[in-house]
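**Student:** With the input below, show me the fold.
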Amino acid sequence: MVGWEDGRGRESMNTLKGYYLGCPIWGNKDWVGELFTRDAKPKDFLAQYTSVFNTVEGNTTFYGLPSEATIARWRQDTPEGFRFAFKFSQAISHDKRLSNAEPETVLFLEMLDTLSKRTGPAFLQLPASFGPSDLPTLD
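**Tutor:** Reported below is the predicted structural model:
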């Protein structure tokens with residue numbers, strides 16, 4: 001077992017200097033007693049996740065922007081070297097298909113700014129229906 005119960009805590013993340021290794025989520029309840037301590041509650045998952053990994057995909061932002069309180073908790077639960085790789089909102093990529101999405105994009109980028117140095121790459125997942133005829137939108 002790796003993680004909090006093997007005594008390494010956050011130090012294990014530091015062995016990945018120069019590399020980022022993570023999962024698409026940090027809230028997997030199946031990890032309780034494995035990656036997380038046996039008594040871990042969902043509110044503990046992110047902090048304990050960082051004992052092994054130094055990045056995570058922020059898929060939640062695809063569905064909506066987090067509250068300021070949630071962002072503050074994420075910042076508190078992660079060490080300085082940790083990086084979130086957030087996915088752009090589906091409002092930008094799927095609903096508006098990149099057209100006239102400036103207000104949503106500004107809100108997303110402002111959210112990234114509030115996490116300061118914990119922000120890694122952001123990525124945009126286009127819908128499967130985004131085809132060759134949509135390419136001019138990328139200009």
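**Student:** ok, how many other residues are close to the residue nearest to Ala40 when sequence neighbours are not counted?
**Tutor:** Once flanking residues are discounted, Ala40 sits nearest to Val32: 5.3 Å by C-beta to C-beta, 6 or more residues apart in numbering. (Each C-beta comes from the backbone N, C-alpha and C, glycine too.) Neighbour count of Val32, defined by other C-beta atoms under 10 Å: 17.
**Student:** List the buried residues in the longest helix seen in the chain.
**Tutor:** Ranked by residue count and defined by DSSP state H, the top helix of the chain is helix 102-114. Within helix 102-114, the residues scored as buried using 16 or more other C-beta atoms under 10 Å are Glu104, Thr105, Phe108, Met111, Leu112.
**Student:** Over to stretch 95-104?
**Tutor:** Lys96, Leu98, Ala101, Glu104.
**Student:** Next: stretch 123-139.
**Tutor:** Neighbour-count burial for stretch 123-139 [16+ other C-beta under 10 Å]: Leu126, Phe130.
**Student:** which outside residues touch it?
**Tutor:** For stretch 123-139, the external contacting residues (C-beta atoms under 8 Å, 6 or more residues apart in numbering) are Phe62, Ala85, Phe86, Lys87, Phe88, Ile92, Ser93, His94, Arg97, Leu98, Ser99.
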